[in-house]
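Engineer: Got a sequence here, can you model it:
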Amino acid sequence: MPRYAPDNRSRPIRTLARRRRLTVLFLCLFAVHGAFSGPGESTKPVAERMAYARSTKEKALALNDSSLLAEGHYLYGKAFAFAGDYITSQRYFLNSLRIQEALGDSDRIARLYVRLSENERGQGHYGDAMQYARTALAISKRINATLGITIALQAIGSIHEYFWETDNVKNTASYDTAYECYREVERLMLQENNRTGIADASQLLGGLLSKKKDLRCFEYLQKALTVFADENMYGDQIRTKIDLASAHLRFGQLPMALKQLKAAQQLYEETQLREIPLRLALYQGYSQYYRAIGAPDSTLVYRERLHEIQLAQANSDQKTILEWLRKEHEMQQREKEMEQHKQQVVLQASNLQLQQKFILFLCLLVILTIVAGAFFFILNRRNRRTSQLNAQLVQEQGHRIKNNLQAVSALLQLQSRNLTDPAARSAMLDSKLRVQSIALLQRRLYDERLGPEVNLSEYLSELTDQILAACGYPHLDKTVVIDNTSLNPERALPIALILNELITNACKYAFADHPAPRLTVSCSRTNKRLLLTVSDNGPGFEPSKDRPPASFGLQLIHMQAEQLYARYTFERVETGTKFRMELTV
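Structural biologist: Purely as a prediction, here's the structure:
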């Protein structure tokens, strides 16, 4: 045989090992399920569970009771989980959880999360199972529900116990976590003085310690057995005796193991529990015993019995579920047909009423349309006449303002000719230039109809040419660079007045007797900041020497800058004087 050829003789051994692991997993799930099930609950067949869940749901719908409806979904979920249909069970548990969460935190929510954890374990999704169990623990701690805390701890402990059992290197971290969870359950039950709860915790601890071959397992299991016997809890007694038998087998105490198995079988037959999981546990115990003593025939017999019972139970549950689903589907179909018939009747009546209302509405709409059309026709003619009159009034007002400003400018020009004082004549001419700046703005607004804003590039360029021509420098060497931006008139006029003052002053004081006068005007906009600079190549401007600091021109510049909330400076540079003003637009 080649060195790496598969050994077909090992296949039956692997198959039996796989079946044994599945059986042990089923029994572990049943043990945890029984830890928080009610008395006699685990003995109910699937059909009885389905019927009880259905009656609960129908009662909830009749009473319109959300809490009872959540309980009905929960019972359906338990029934399907007991039958091994974890997917359907999960759907019902989630429906119940959605209703319960709307009602607020309670121990029922924790119970549902534990059930969801069980279903995930049944499907081999241990990560999701752990997440659900931890959620149940967090909710139980938040509402201080001792029962919820204990069942959540049992679920977490059983998952870690499974991790430890299936770990080839037997990492003690999972074992220690499971042990601490079970010890915490025991401590909580001791605080509550709950004897059966203490017995359940002792049974869990005994089973865990037995798997690690710790002699303390016998003490815990015996303690649990004593309480179960006192309380006449026959199913728990049988399970504990089977756990004791497994513990004796692990320690090689074969006679004691057989004694416990026979005692469990006798109690099972005397009480006539007819509980299939208990019978499976008994057969599993006998199978382990006969394998330990080296009796393969007897071992095979019990394994076959295990398989037959599991198969028969699965077939029975499957038939029950299929029959239930068929009846449920038929009922839903009948209810759906009845509901559709009712909806059709209601829809026909509604359509008839809707048609009548529509005809009435259509008639009213036609009448209203005719009335509204006549009204809007009259209103439109009146508004058109009003708009035309307003346009004429605005145009007339603009012309009058422009004419008045031109008249004022002409009067100032005539008055300046009659003045002999040079200072008075200069002041009169300055006033004339200011009026012309306002007149230019008025003309651009009303004559050209450019809109509610003024284009600074065109306005300031024209204003610069006009001022230079009025001051006698029409062909001056000038540089005017102004960004194509617009401002409202209330902000454009102060800038124009400031520019008027600066150019006028330059013509008077900087360009007089200058062989090559030069003027530079720049206005740029960056985001919401506007920068205006005006510079000349004159002798330089120092307010404390060249001009009185309280002159009208400087006061006017200061007032206009304050109106714009702007900051400005005069700088004396090598080539003359530079004015810089920055404002927010």
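
Engineer: Buried residues in the helix or strand containing residue 61, which are they?
Structural biologist: Element membership of residue 61, judged by DSSP states H and E, is helix 46-63. By neighbour count on 16 or more other CB atoms under 10 Å, the buried set for helix 46-63 is 46, 47, 49, 50, 52, 53, 54, 56, 57, 60. C-beta: built from backbone N, CA, C; applies to glycine.

Engineer: The first one contacts residue 79, doesn't it?
Structural biologist: Yes. Applying CB atoms under 8 Å, one finds residue 46 in contact with residue 79, separated by 5.9 Å.

Engineer: Tabulate the buried residues of helix 46-63 (CSV), appending pLDDT.
Structural biologist: Putting the buried residues of helix 46-63 into CSV (pLDDT from 0 to 100) gives the following:
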residue, pLDDT
46, 73
47, 77
49, 82
50, 83
52, 88
53, 87
54, 87
56, 90
57, 87
60, 89
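
Engineer: which residues of the stretch 451-585 of the chain score low on pLDDT?
Structural biologist: Along the stretch 451-585 of the chain, the parts satisfying pLDDT under 70 run over 451, 541-550.

Engineer: My guess is residue 107 contacts residue 142. True?
Structural biologist: No. Under the criterion of CB under 8 Å, residue 107 makes no contact with residue 142, lying 11.0 Å away.

Engineer: Can you pick out the residue with more neighbours from the two?
Structural biologist: Shown here are residue 107 and residue 142; by other CB atoms under 10 Å, residue 107 has more neighbours (18 against 11).

Engineer: Local confidence estimate at the more buried one?
Structural biologist: Predicted confidence (pLDDT) for residue 107: 85.

Engineer: what do you get for the one 5 residues further on?
Structural biologist: Per-residue confidence at residue 112 stands at 93 (pLDDT).

Engineer: And residue 169, by the same measure?
Structural biologist: Reported pLDDT for residue 169: 71.

Engineer: what about it, is that helix, strand or coil?
Structural biologist: coil (DSSP: H, G, I helix; E, B strand; the rest coil).

Engineer: would you say residue 535 is within a helix?
Structural biologist: No. Secondary structure of residue 535 (three-state DSSP): strand, not part of a helix.

Engineer: contacting residues for it?
Structural biologist: Residues in contact with residue 535 (CB atoms under 8 Å, 6 or more residues apart in numbering) are 519, 520, 573, 575, 576, 577, 578, 579.

Engineer: what about the helices in the stretch 401-550 of the chain?
Structural biologist: Per DSSP state H, counting those that start in this stretch, the stretch 401-550 of the chain carries helices over the ranges 422-446, 456-470, 489-505.

Engineer: low pLDDT regions in the stretch 1-150 of the chain?
Structural biologist: Ranges of the stretch 1-150 of the chain meeting pLDDT under 70: 1-45.

Engineer: hang on, the earlier thing: could you identify the helix or strand that succeeds the helix holding residue 61?
Structural biologist: helix 66-82.

Engineer: Which SSE is immediately downstream of that following helix?
Structural biologist: helix 86-103.

Engineer: can you pull the buried residues of the next helix or strand after that following helix?
Structural biologist: Using DSSP H and E, the helix or strand that follows helix 86-103 towards the C-terminus is helix 107-122. For helix 107-122, the neighbour count (16+ other CB under 10 Å) marks 107-122 as buried.

Engineer: between those residues, which is closest to residue 370?
Structural biologist: Nearest to residue 370 among the buried residues of helix 107-122 is residue 109, at 64.3 Å by CB to CB.

Engineer: for stretch 67-87, which positions count as buried?
Structural biologist: Within stretch 67-87, the residues scored as buried using 16+ other CB under 10 Å are 68-83, 85-86.

Engineer: related to what we said a few turns ago, who wins for neighbours among the contacts of residue 535?
Structural biologist: When neighbours are taken as other CB under 10 Å, the top entry among those is residue 519 (25 neighbours).

Engineer: My read is that that residue contacts residue 477, right?
Structural biologist: Yes. Using CB under 8 Å, residue 519 is in contact with residue 477, at 7.4 Å.

Engineer: If I look at the residue nearest to residue 167 when sequence neighbours are not counted, what pLDDT would I see?
Structural biologist: Spatial nearest neighbour of residue 167, chain neighbours left out: residue 174 (6.6 Å); criterion: CB to CB, 6 or more residues apart in numbering. Looking at residue 174, its pLDDT stands at 92.

Engineer: count of residues packed around residue 174?
Structural biologist: 19.

Engineer: Same check on residue 326?
Structural biologist: Residues lying near residue 326 (other CB under 10 Å) number 10.

Engineer: Kindly provide the distance from it to residue 90.
Structural biologist: Look at residue 326 and residue 90: by CB to CB, to the nearest Å, they are 21 Å apart.

Engineer: likewise residue 478?
Structural biologist: Look at residue 478 and residue 90: by CB to CB, they are 86 Å apart.

Engineer: and what of residue 583?
Structural biologist: Taking CB to CB as the measure, residue 583 falls 69 Å from residue 90.

Engineer: same deal with residue 194?
Structural biologist: In terms of CB to CB, residue 194 sits 30 Å off from residue 90.

Engineer: Specify which residue of the two has the higher count of neighbours.
Structural biologist: The residue with more neighbours, out of residue 194 and residue 90, is residue 90; 19 against 16, by other CB under 10 Å.

Engineer: Touching, that one and residue 116? I think so.
Structural biologist: Yes. Using CB under 8 Å, residue 90 is in contact with residue 116, at 6.6 Å.
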